[in-house]
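Novice: Compute the structure for the input listed below.
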Amino acid sequence: MFTYRLLAEIDDVVGDNAFISEEDRTKLKYTTQVIKETLPFYTPVAMTTRYNVKETYVDGFRIPKGTEIAVSSTLLYFTMYFGK
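Specialist: Next comes the predicted model:
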């Protein structure tokens, strides 16, 4: 359902142009909403890493200084959005 509405908006605003201009982009209200709603589910960066700069404890677990920690962007979003 939403796909037809999305394509219809793009056709109405952009037409047969090969490229979307900045002016066109500001008129694509529904398209912008769809992107903002789906981006957390399909993040462009699936995972990022950081190095622990000092010894840390998380929920009673010791994480030594210099440990590489991998964080899933998608998992982080779902945990914050839907709770534990």
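
Novice: Would you mind measuring from residue 74 to residue 38?
Specialist: 12 Å (CB to CB, to the nearest Å). Where C-beta positions appear, they are placed from N, C-alpha and C, glycine not excepted.

Novice: Show the subsequent helix or strand relative to the strand or helix carrying residue 25.
Specialist: Assigned by DSSP states H and E, residue 25 belongs to helix 22-27. Downstream of helix 22-27, the next assigned helix or strand under DSSP H and E is helix 29-38.

Novice: Outline the domain layout of this protein.
Specialist: Domains of the chain are assigned by automatic domain parsing as 2-38, 47-82.

Novice: Distance across stretch 14-31, terminal residue to terminal residue?
Specialist: 12 Å (CA to CA, to the nearest Å).

Novice: got it, and stretch 50-61?
Specialist: 17 Å.

Novice: Not counting its own residues, what contacts stretch 43-57?
Specialist: 62-74, 77 (CB atoms under 8 Å, 6 or more residues apart in numbering).

Novice: buried set for the longest helix along the chain?
Specialist: Looking across the chain with DSSP state H, the single longest helix is helix 2-14. By 16 or more other CB atoms under 10 Å, the buried positions in helix 2-14 come out as 6, 9, 13-14.

Novice: how distant is that helix from the center of its chain?
Specialist: Helix 2-14 sits 22 Å away from the centroid of its parent chain (CA atoms, centre = their mean, to the nearest Å).

Novice: what mean pLDDT does it have?
Specialist: The average pLDDT for helix 2-14 rounds to 91.

Novice: what do you get for stretch 41-55?
Specialist: 87.

Novice: Can you report how many residues neighbour the residue nearest to residue 2 when sequence neighbours are not counted?
Specialist: Excluding its sequence neighbours, the residue lying closest to residue 2 (CB to CB, 6 or more residues apart in numbering) is residue 34, at 6.7 Å. Neighbour count of residue 34, defined by other CB atoms under 10 Å: 16.

Novice: Over to residue 31?
Specialist: 19.

Novice: Relative to residue 9, how far out is it?
Specialist: The value you get for residue 31 to residue 9, if CB to CB is used, is 6 Å.

Novice: Kind regards, and thank you for your time.
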